[in-house]
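Trainee: return a 3D structure for these sequence lines:
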Amino acid sequence: YLDGLKSIIRELAMSESIVIRGRGSQFILKYWPGALHVLFVSPLKLRVKRVMEEMKMDEESAKKEIASFDSSRHQFIKKYFNAALEDAVHYDLVINTEHLSFEAAALIIINALQFKN
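Mentor: Predicted coordinates for the structure are as follows:
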């Protein structure tokens, strides 16, 4: 599985411009020229609110959904990369979306790309 995943992600990374969300790409493309690794964070309360709105769930269901999603992401990274998902050392940029819109976060990322060596 991991060899196939690495192959696909590296092939995708060869395109001129692409956003790869998750799947350990911060580890697979750690030394890839021009790759910018970004971690998005926000307080649980805000995440619950967003999930409730987007998935039309009650608060308890949203909390369970987030817990399940987070658990599977953490387990995946631990299993295949022996790392902690939210360890900031694996990222070039960490963005807290509590007070930033997604559009503002995107602009920050686009501007940061020019400084990546």
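
Trainee: remind me, longest helix of this structure?
Mentor: Secondary structure assigned by DSSP state H gives helix 59-81 as the longest helix of the chain.

Trainee: what's that helix in contact with?
Mentor: Residues outside helix 59-81 that contact it (Cβ atoms under 8 Å, 6 or more residues apart in numbering) are 1-2, 5, 22, 24, 27, 44, 47-48, 51-52, 55, 57, 83-85. No exception for glycine: its C-beta is placed from N, CA and C like everyone else's.

Trainee: which element follows it toward the C-terminus?
Mentor: Per DSSP states H and E, the first helix or strand lying C-terminal to helix 59-81 is strand 93-96.

Trainee: quick one: average confidence on the next helix or strand after that next one?
Mentor: Next helix or strand after strand 93-96 toward the C-terminus (DSSP H and E): helix 102-113. Here helix 102-113 scores 95 as its mean pLDDT.

Trainee: packing partners of helix 102-113?
Mentor: strand 93-96 (3 or more Cβ pairs under 8 Å, 6 or more residues apart in numbering; DSSP states H and E).

Trainee: show me what the strand it packs on is packed up against.
Mentor: Partner elements for strand 93-96 (3+ Cβ pairs under 8 Å, 6+ apart): strand 38-41, helix 102-113.

Trainee: rewinding a little: buried ones in the longest helix of the chain?
Mentor: Ala62, Lys63, Glu65, Ile77, Tyr80, Phe81 (16 or more other Cβ atoms under 10 Å).
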